[in-house]
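**Q** Okay, here's the prediction I keep looking at, along with the sequence it came from:
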Amino acid sequence: MKSWRQSQILDLIDKDAVTSQEALREQLEARGIRVTQATLSRDLKQMGLVKRAGDGAYVRPGAERGGAAMGEQMRKAVTSLVRSYERVDTFIVIRTDPGQANGLAVLMDRVKVPEVAGTLAGDDTILLVCRGLDNAIQMEQKLGAMVKGS
């Protein structure tokens, strides 16, 4: 139950700016997870969540360092690591050199590209699961620009 609750906390703070424990507790309750303030406080401390300087929202450790730098890091990684890619309906299959797919997929997950729901990586292949066909087309165009270095 604890690991499920903590995964739901991460899901909530990744999607919305949650600025108080009470708001977080209410959102968890809306998902059917009843939790006391004391338990929630322990979870936040154990998970190492911190408050973002700008708006006071809870974020994962290190996330407050900013998306722009992470986005630039992803652009450089895509430019150097992606060998080919292909869109298949709402999925994009990305090919890398052997051993490079997992690290790139983790970086893509951390950047939280809005068009992408998640990634699945093997040794030299990444599957991007996009949020619908329009988002897949947009992501394909973004990848194309990054691969070309523009």
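**A** Noted; the coordinates are in hand.

**Q** which residues touch L10?
**A** L10 sits next to M47, R60 when contact means C-beta atoms under 8 Å, 6 or more residues apart in numbering. In short, each C-beta sits where N, CA and C put it, glycine included.

**Q** From M146, how far out is it?
**A** L10 sits 27 Å away from M146, going by C-beta to C-beta, to the nearest Å.

**Q** what's the answer for R5, then?
**A** Distance from R5 to M146, by C-beta to C-beta: 37 Å.

**Q** now Y85
**A** Noted for Y85: a distance of 10 Å to M146, by C-beta to C-beta.

**Q** so where's this structure shaky on pLDDT?
**A** Flagging of the chain using pLDDT under 70 yields the residue ranges 54, 62-70, 150.

**Q** domains of it?
**A** Domain segmentation of the chain under automatic domain parsing yields 2-61, 67-147.

**Q** Off-centre distance for the longest one?
**A** This means domain 67-147. Here domain 67-147 is found 12 Å from its chain centre; the criterion is C-alpha atoms, centre = their mean, to the nearest Å.

**Q** The first one now?
**A** Averaging C-alpha coordinates over domain 2-61 and over its chain gives two centres that are 16 Å apart (C-alpha atoms, centre = their mean).
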